[in-house]
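Asker: after the sequence you'll find the predicted model.
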Amino acid sequence: MTDPRLVAGVDCSTQATKVVVCDATTGEVLREGRAPHPDATQVDPAEWWNAWSIASDGLLDGVSAVSVAGQQHGMVLLDGSGAVVHPAVLWNDTSSAEATGELVSELGGPEAWASAVGSVPVPSFTVTKLRWVRGAAPDAAARAEAVALPHDWLTHQLAADRSGIADLTTDRGDVSGTGWWSPVTNDYRPDLVELAFGRSLQLPRVAGPSEVVGQTSFGAALAAGTGDNMAAALGLDLQPGDVAVSLGTSGTAFARYSSPTSDPSGFVAGFADATGGYLPLVCTLNAARVLSATATLLGMDLAALDEAALTSTGSNGLMMLPYLDGERTPDLPHSTGLIYGLTRTTAQPATMARAAVEGMLCGLADAVDALRAQGIPVHRVLLLGGAARSRAVQALAPALLGAPVVLPEPAEYVALGAARQAAWAVSGDLPVWDVAMSKPESAVLTDEAATDVRARYAAVLSGTRPLLAAN
């Protein structure tokens, strides 16, 4: 028997599946579980189902509704029976870099794409992966009859009352990151699927934000689900003037907005959100792992890196472009990290630690500025993710990001947002859940010093971009 007071949210992320069971009225987390995913950029979706089974084991008694939030952009190709025909190609797989350039050019350039779907494709986008798989795995491509996103696939697997590919569903938030759906018209652009893949594919039905799309085998209602960033916005209850800056595997800056955006520079992705509005977003590939990689390089743990960065008097001209896994924004998929300004004076662990934190934050500061350029107000920044717990990050962020910073209490905000959507689906009303906030570490960087750091970052990027693009 289900209990209307209990709802579950799922975060099928790059690294793990996380499940939270919440009180539908207050959002209090009552149970939670987690299971890891393989560390790869192409993954058999069966791994997600296995992780869900482990993470949810023993948690679901009485749950009245479930919603799945998934990592954006991942390409899941299915045959007519619903079987997966190729490993899912995830957002952080840059194999489609060459295909991206082809597609942008074939439609008429960045302006044409921004006008068509609100975003200019980068190798993360699903549409570029369709073009790539067509050439790289022609046998799999020939068998494909439908394409879905990770959250679409897991939602479909959870639905006991449907099979095959006829009843695939998605939501406007997640589908807005494919490159073949327009947030302006709220409709598919099947011509862009054909441009990328050479023929049409079945596309999931776009469900409403609070729609129940099915029922699970254990009797719970199944909500539409959404993309991970859209769910995080729900979990954080972002308000006008709030910008979330998340420092996890990737770095993201996003805000809820009342109007669709269109940025032909490609910096800002014009996504939809999970409520019927919009979620302009900037994503970098490199965030928290910049700090862990630098700590390893210096023979430190993260706590020691933090202390070193805080005790340093500054980076003293040392600048790190932290493109350790290539980069999505700016669009440099084959780039590598770069350290500029190395002298006998700056060749010190504390200076290097400080430069790593500054370099990571400068990339996110560019992201916040790009949102401002789209007319989005930035009254405060909500800093979250693993690297937000760094005292050095907290102390340097306000001046570099150019806004007051608050710290949402550590929580699984993607899973919480999914749970909030589940509560909405079964009750008909989006509940108001409190989000606890705290203040960051005291600032150690003046606005003038932050301006100098950002100017140096911009100059090094401008001067070395041809080299980085050629790698």
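Answerer: Looks like it arrived, so ask away.
Asker: output the host helix or strand of T296 as PDB, restricted to C-alpha atoms.
Answerer: T296 is part of helix 288-298, with elements assigned from DSSP states H and E. Provided in PDB are the C-alpha atoms of helix 288-298 (Å, rounded to 0.1, in the frame of the first residue of the first chain):
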ATOM      1  CA  ALA A 288      36.100  19.800  -8.500                       C
ATOM      2  CA  ARG A 289      38.500  17.400 -10.100                       C
ATOM      3  CA  VAL A 290      40.800  20.400 -10.900                       C
ATOM      4  CA  LEU A 291      41.400  20.600  -7.100                       C
ATOM      5  CA  SER A 292      41.900  16.900  -6.600                       C
ATOM      6  CA  ALA A 293      44.300  16.700  -9.600                       C
ATOM      7  CA  THR A 294      46.300  19.600  -8.300                       C
ATOM      8  CA  ALA A 295      46.400  18.100  -4.800                       C
ATOM      9  CA  THR A 296      47.800  14.900  -6.300                       C
ATOM     10  CA  LEU A 297      50.300  16.800  -8.300                       C
ATOM     11  CA  LEU A 298      51.500  18.600  -5.100                       C
END
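Asker: in terms of secondary structure, what does that helix contact?
Answerer: Packing partners of helix 288-298 (3 or more CB pairs under 8 Å, 6 or more residues apart in numbering; DSSP states H and E): helix 302-311, helix 349-373. (Each C-beta comes from the backbone N, C-alpha and C, glycine too.)
Asker: one more pass at 6 Å, please.
Answerer: helix 349-373 (3 or more CB pairs under 6 Å, 6 or more residues apart in numbering; DSSP states H and E).
Asker: other residues contacting the helix it packs on?
Answerer: Helix 349-373 is contacted by residues 245, 251, 253, 255, 267-268, 282, 284, 290, 294, 298, 305, 308-309, 311-312, 315-316, 318, 320, 322, 378, 392-393, 396-397, 400-401, 453-454, 457 when judged by CB atoms under 6 Å, 6 or more residues apart in numbering.
Asker: try stretch 32-40
Answerer: Q15, A16, T17, K18, V19, V20, E47, A51, I54, A55, L59.
Asker: hmm, 7 Å instead?
Answerer: Applying CB atoms under 7 Å, 6 or more residues apart in numbering, the external contacts of stretch 32-40 come out as 14-20, 43, 47-48, 51, 54-57, 59.
Asker: the contacts of helix 349-373 in helices, which ones?
Answerer: Here DSSP state H is the test, and those give 290, 294, 298, 305, 308-309, 311, 392-393, 396-397, 400-401, 453-454, 457 as lying in helices.
Asker: dump the residue contacts of the residue nearest to R31 when sequence neighbours are not counted.
Answerer: Leaving aside its sequence neighbours, R31 sits nearest to V21 (CB to CB, 6 or more residues apart in numbering; 4.1 Å). By CB under 7 Å, 6+ apart, the contact list for V21 reads L6, A8, L30, R31, L59, V63.
Asker: buried subset of the contacts of helix 349-373, written for PyMOL?
Answerer: In PyMOL, this line selects whichever of the contacts of helix 349-373 come out buried by 16 or more other CB atoms under 10 Å:
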select buried, resi 245+251+253+255+267+268+282+284+290+294+298+305+308+309+312+315+318+320+322+378+392+393+396+397+400+401+453+454+457
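Asker: burial of M437, as a residue count?
Answerer: Neighbours of M437 under the rule other CB atoms under 10 Å: 12.
Asker: from what I can see it touches P408, true?
Answerer: Yes - using CB atoms under 7 Å, M437 is in contact with P408, at 5.8 Å.
Asker: so T14, which of the three states?
Answerer: With DSSP: H, G, I helix; E, B strand; the rest coil as the basis, T14 sits in coil.
Asker: where's it relative to E327, distance?
Answerer: As judged by CB to CB, to the nearest Å, T14 and E327 stand 16 Å apart.
Asker: check L396 too.
Answerer: Taking CB to CB, one finds L396 at 20 Å from E327.
Asker: just the buried residues of the contacts of stretch 32-40.
Answerer: By 16+ other CB under 10 Å, the contacts of stretch 32-40 give T14, T17, K18, V19, V20, V43, E47, W48, A51, A55, S56, L59 as buried.
Asker: which of these fall in helices?
Answerer: Residues of these located in helices (DSSP H): E47, W48, A51, A55, S56.
Asker: need these in TSV with distance to G385 and pLDDT, can you?
Answerer: Output for those, formatted as TSV (distance: CB to CB, whole Å; pLDDT from 0 to 100):
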residue	distance to G385	pLDDT
E47	23	98
W48	21	98
A51	20	98
A55	20	98
S56	24	98
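Asker: give me every residue that touches W91.
Answerer: By CB under 7 Å, 6+ apart, W91 lies in contact with Q71, Q72, H73, G74, S124.
Asker: let me know the closest of the residues you listed to S95.
Answerer: Distances from S95 to the contacts of W91, taken as CB to CB, are shortest for S124 (11.2 Å).
Asker: what about the closest one, how many neighbours?
Answerer: With other CB under 10 Å as criterion, S124 counts 27.
Asker: same question for D23.
Answerer: For D23, using other CB under 10 Å, the count is 16.
Asker: ok, now the one 5 residues further on?
Answerer: A count of neighbours around E28, defined by other CB under 10 Å, yields 11.
Asker: is the nearest residue to it once chain neighbours are set aside bridged to anything, and to what?
Answerer: Leaving aside its chain neighbours, E28 sits nearest to C22 (6.3 Å; criterion: CB to CB, 6+ apart). Beta-bridge pairing of C22 under DSSP bridges involves V7, V29.
Asker: ok, C22 touching A419?
Answerer: Yes - with contact defined as CB under 7 Å, C22 counts as touching A419 (4.4 Å).
Asker: give the intersection of the neighbour lists for these two.
Answerer: Common neighbours of C22 and A419 (CB under 7 Å, 6+ apart) are V7, G9.
Asker: which of these two has more neighbours?
Answerer: A419 (36 against 27).
Asker: in this structure that one contacts D11, no?
Answerer: No - the pair A419 / D11 is not scored as a contact, 9.8 Å apart, by CB under 7 Å.
Asker: all strands of the stretch 151-300 of the chain, in order?
Answerer: Counting by DSSP state E, counting those that start in this stretch, the stretch 151-300 of the chain has these strands, from start to end: 169-171, 181-182, 187-188, 205-207, 212-215, 221-223, 226-227, 242-247, 251-254, 269-272, 278-284.
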